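**Student:** no FASTA, just this:
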Ligand SMILES: Nc1nc2c(ncn2[C@@H]2O[C@@H]3COP(=O)(O)O[C@H]4[C@@H](O)[C@H](n5cnc6c(=O)[nH]c(N)nc65)O[C@@H]4COP(=O)(O)O[C@H]3[C@H]2O)c(=O)[nH]1
C-alpha cells in the first residue's frame, strides 16, 4: 500500500512542531528555575528585612526610652520659675547624645527652653491628648531654631502642663543605616513618615515597594516600613544567585543542544523513512529457528534492516518505534512481506516439511483488516512452497482486544496463519489475554535465556517462565541462544525450538537463498513438524 497523503502531511506537520521542543523544553526549564530562584530570593529578602526591622525597632525604642526618662525627670521641674531650672534642662539635654533640647510647658505653651525662643515666634501648642501611660511622639520637619532638620518630639503631660524632649533624627538615621541594610527604612509616626534622607513624607506619598515589610514597637506608637523596589529585588537576586542562574542557563543550553541533536536525528530518520520506503532501502534479514532435537531448521524469523545511504546502519530499535509512531509501520511491513514472499516464490527450493516464516507485526496492525488481505497476498505469492506464515506480536506492546481484533484474528486463523507472542515474559499478557487471542507460539525473551548461566536464584525465573508457557499448552521457542550450555539447558527443559547466534545470525536475502538450498539438500529426507 503506498504511503497515504494523510500520513505524509501528518508526518511533515509533526516534524515541524517537533523541532519547537528544543526551544520550548529548555525555556520551560529556565522559567521554572528562575521562578524557583525568585521565590528563594523573595523569601531571603523578606526575612532579612524582618530582621532589620526588629533590630531597628530595638534601637529606636532605646532612644525613645532615654528621651522618656529625661521627660519624666523634667516633669519634676514643672511649676518652678524658668530662670531657676533652665540650666538643669540644658544638663538633661546633654546627658543623651540624641536629645537636642528639653522644654517645659504650662497650659499647653512652652514657657521654658534651654535656648531662648526668637521673640517673633510663638511656641507650638501642646496636643490636647493627655496620656500618662504612653508618651506622645510626633515627627516634625524641623524646629524653630533648625527648621530643615527633622526631629521627633516626645511629650509627657501632667494635666495641661508637660515636658517635651526634642530628639535628633540625624543620628537615628545613621544608626538605622548601621544596621547594615541597603533597604529603605521609613519611620512612620501618625500620618507621616521619616524617609532615610530625612524628609517627611505623608503616608499617601510613601513609595510602593515590590516587597513591603512592616513592624511596630510594643512600647511606643510608631511603625517601621521597608519598601524593596523591583530593581533592588532583581539586583539582589542577580548578585546572590548569579552562579545558580548561570548554571541553569548552561543546563538550558546543553539541554537545548541535546534535544535539538536528538530531534534532528529522529526527524531526519522520520523523513528519511518515507523516502527509504520508496527506495526499497528496508531489507528483510532471515534468522533460522532450529529444532534442536534433530538439529534442523524449521523456520525463519524475518528481521528488518535499514542501511541508510549516508547514515549507514540504523537499528530496528530506533526506526521501528518511529515507524509505529508515524504510521509508516503498516506500509513498511507490507513492503517487507511482499519482498519476502517474492524471494521464497522465486527460489527453486520446495521445502519438504512446512517451513515457518515469522514476520514481526505491531499491535496497530491487528486492529486493521488490511492485514488479512496482506497475508492472503503473501500466501498466494509463495504458492505451494510449503510455507506457514507466523505473525509475531511483541508482548511489550499492549493489544486492545476489540471486536475488530478478534475478527481479524479469526480471519487469519482461517487462512492458516499462526500467531506468536514475542518477548514472552516481559510485557502485558495475562492468561485471559492469551486465551482470547488464540495464540499458537510463545517466544521466550532472550533476557531470560541470558539468565540461564547466572546464579541459581536468577535461573529460577527462567524455569518459572518455561513452566508457565508449558502450562499454557503452547509451543515454545527460545530466542537469543548464544552458546551450547544455553541450548542444552533449554533442551533439558523440553524447549525444542531455539533461535540465536549460536545457530545462525540474521542473514540477508542472498545468503538466505544459499543457506536455504544447503539446508534443503542436507535435510529434505526426514520430515519434522514444528
Ligand atoms: N543478543 C542476541 N541477539 C539476538 C540473538 N539472536 C537474535 N538476536 C536479535 O534479537 C532480536 C530478536 O528479534 P525480536 O525479539 O523480534 O525484536 C525485534 C523486533 O521486535 C523489532 N523488529 C525487527 N524487525 C521488525 C519488523 O519488520 N517489524 C516490526 N514490527 N518489528 C521489527 O526490532 C527488534 C530488534 O530486532 P533486531 O535488532 O534485528 O534484533 C533481533 C535479533 O537480531 C542472539 O543470540 N543474541
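**Tutor:** On my side now, so go ahead. None of the values given here were measured: they were computed from a predicted structure. Numbering: from 1, shown residues only.
**Student:** Now residue 253: closest residue in space, sequence neighbours ignored.
**Tutor:** Taking C-beta to C-beta, 6 or more residues apart in numbering as the measure, residue 253 lies nearest to residue 26, with 7.3 Å between them; neighbours along the chain are not counted. The C-beta positions use only the backbone N, C-alpha and C, and glycine is treated the same way.
**Student:** the domain parsing of this structure - what is it?
**Tutor:** Residue ranges of the domains in the chain are recorded as 42-230, 266-521, according to automatic domain parsing.
**Student:** Just the terminal-to-terminal distance for the shortest one.
**Tutor:** In other words, domain 42-230. Taking C-alpha to C-alpha, to the nearest Å, the first and last residues of domain 42-230 lie 11 Å apart.
**Student:** Neighbours of residue 45, how many?
**Tutor:** Using other C-beta atoms under 10 Å, residue 45 has 21 neighbouring residues.
**Student:** Next: the one 10 residues further on.
**Tutor:** Residues lying near residue 55 (other C-beta under 10 Å) number 17.
**Student:** Check the offset of whichever strand or helix holds it from the chain's centre.
**Tutor:** Using DSSP states H and E, residue 55 maps to helix 21-75. Taking C-alpha atoms, centre = their mean, to the nearest Å, one finds the center of helix 21-75 at 31 Å from the center of the full chain.
**Student:** Check the separation of the first and last residues in stretch 470-485.
**Tutor:** This stretch, stretch 470-485, spans 21 Å end to end (C-alpha to C-alpha).
**Student:** still on that earlier bit, I'd say the residue nearest to residue 253 and residue 250 touch.
**Tutor:** No - at 10.8 Å, residue 26 does not count as touching residue 250 under the criterion of C-beta atoms under 8 Å.
**Student:** sorry, back to before: can you check which of the domains of the chain gets nearest to the ligand?
**Tutor:** Nearest to the ligand among the domains of the chain is domain 266-521; the distance by C-beta to the nearest ligand atom comes to 3.2 Å.
**Student:** Rounded mean pLDDT for the closest one, please.
**Tutor:** Confidence for domain 266-521, expressed as mean pLDDT, is 87.
**Student:** Centre of the chain to that domain, how far?
**Tutor:** A distance of 38 Å separates the centroid of the chain from that of domain 266-521, by C-alpha atoms, centre = their mean.
**Student:** Same check on stretch 65-76?
**Tutor:** The gap between where stretch 65-76 is centred and where its chain is centred comes out at 63 Å by C-alpha atoms, centre = their mean.
**Student:** still on that earlier bit, how about the contacts made by the residue nearest to residue 253?
**Tutor:** Under the criterion of C-beta atoms under 8 Å, 6 or more residues apart in numbering, the neighbours of residue 26 are 252-253, 255-256, 259.
**Student:** which residues sit against the strand or helix carrying residue 519?
**Tutor:** If you go by DSSP H and E, residue 519 is part of helix 509-523. If you take C-beta under 8 Å, 6+ apart as the criterion, helix 509-523 is touched by 283-286, 288, 294, 296-297, 300, 339, 343, 347, 349, 351-352, 504, 507.
**Student:** Please pick the buried ones from those.
**Tutor:** 284-286, 288, 296-297, 300, 339, 343, 347, 349, 351, 504, 507 (16 or more other C-beta atoms under 10 Å).
**Student:** can you tell me which two in those are farthest apart?
**Tutor:** Farthest-apart pair in the buried ones among the contacts of helix 509-523 is 296 and 339; separation 25.3 Å (C-beta to C-beta).
**Student:** Show the pLDDT at residue 63.
**Tutor:** Residue-level confidence at residue 63 comes out at 90, pLDDT.
**Student:** Name the nearest residue to it, ignoring sequence neighbours.
**Tutor:** With sequence-adjacent residues excluded and distances taken as C-beta to C-beta, 6+ apart, residue 63 is closest to residue 98, at 5.3 Å.
**Student:** residue contacts, that neighbour?
**Tutor:** 63, 66-67, 167-168, 171-172.
**Student:** Among those, which one has the most neighbours?
**Tutor:** Neighbours here mean other C-beta under 10 Å. Within the contacts of residue 98, the largest count is held by residue 67, at 26 neighbours.
**Student:** hang on, the earlier thing: quick one: the residue nearest to residue 253 from the ligand, how far?
**Tutor:** As judged by C-beta to the nearest ligand atom, to the nearest Å, residue 26 and the ligand stand 32 Å apart.
**Student:** Can you name the residues of this protein that neighbour the ligand?
**Tutor:** Within the chain, the residues that sit near the ligand (C-beta under 6 Å from any ligand atom) are 287, 303-304, 315-317, 320, 333, 336, 360-362, 392, 394, 422-423, 446, 479-482, 500-501, 506.
**Student:** Among the residues you listed, which ones are in helices?
**Tutor:** Among these, the members falling in helices (DSSP state H) are 316-317, 320, 333, 336, 446.
**Student:** In PyMOL, select just the buried ones from these.
**Tutor:** For selection in PyMOL, the members of those meeting the burial criterion (16+ other C-beta under 10 Å) are listed in this command:
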select buried, resi 320+333+336+446
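**Student:** Which helix or which strand is home to whichever residue of the stretch 101-250 of the chain sits closest to the ligand?
**Tutor:** Closest approach between the stretch 101-250 of the chain and the ligand, counting by C-beta to the nearest ligand atom: residue 250, at 36.3 Å. Using DSSP H and E, residue 250 maps to helix 230-278.
**Student:** Remind me what that helix packs against, helices and strands.
**Tutor:** Identification of packing neighbours for helix 230-278 by 3 or more C-beta pairs under 8 Å, 6 or more residues apart in numbering; DSSP states H and E yields helix 5-18, helix 21-75, strand 296-308, helix 316-326, helix 329-346.
**Student:** Relative to residue 238, which of those is closest?
**Tutor:** Using C-beta to C-beta as the measure, helix 21-75 is the one of the helices and strands packed on helix 230-278 that comes nearest residue 238, at 9.1 Å.
**Student:** Can you check what angle separates the closest one from helix 230-278?
**Tutor:** Inter-element angle recorded for helix 21-75 and helix 230-278: 170 degrees (by axes from the mean of the first three to the mean of the last three C-alpha atoms, to 10 degrees).
**Student:** Just the buried residues of the helix or strand just after helix 21-75, please?
**Tutor:** Beyond helix 21-75 on the C-terminal side, the first helix or strand identified by DSSP H and E is helix 82-95. Within helix 82-95, the residues that qualify as buried are 82, 85-86, 88-89, 92-93, counting by 16+ other C-beta under 10 Å.
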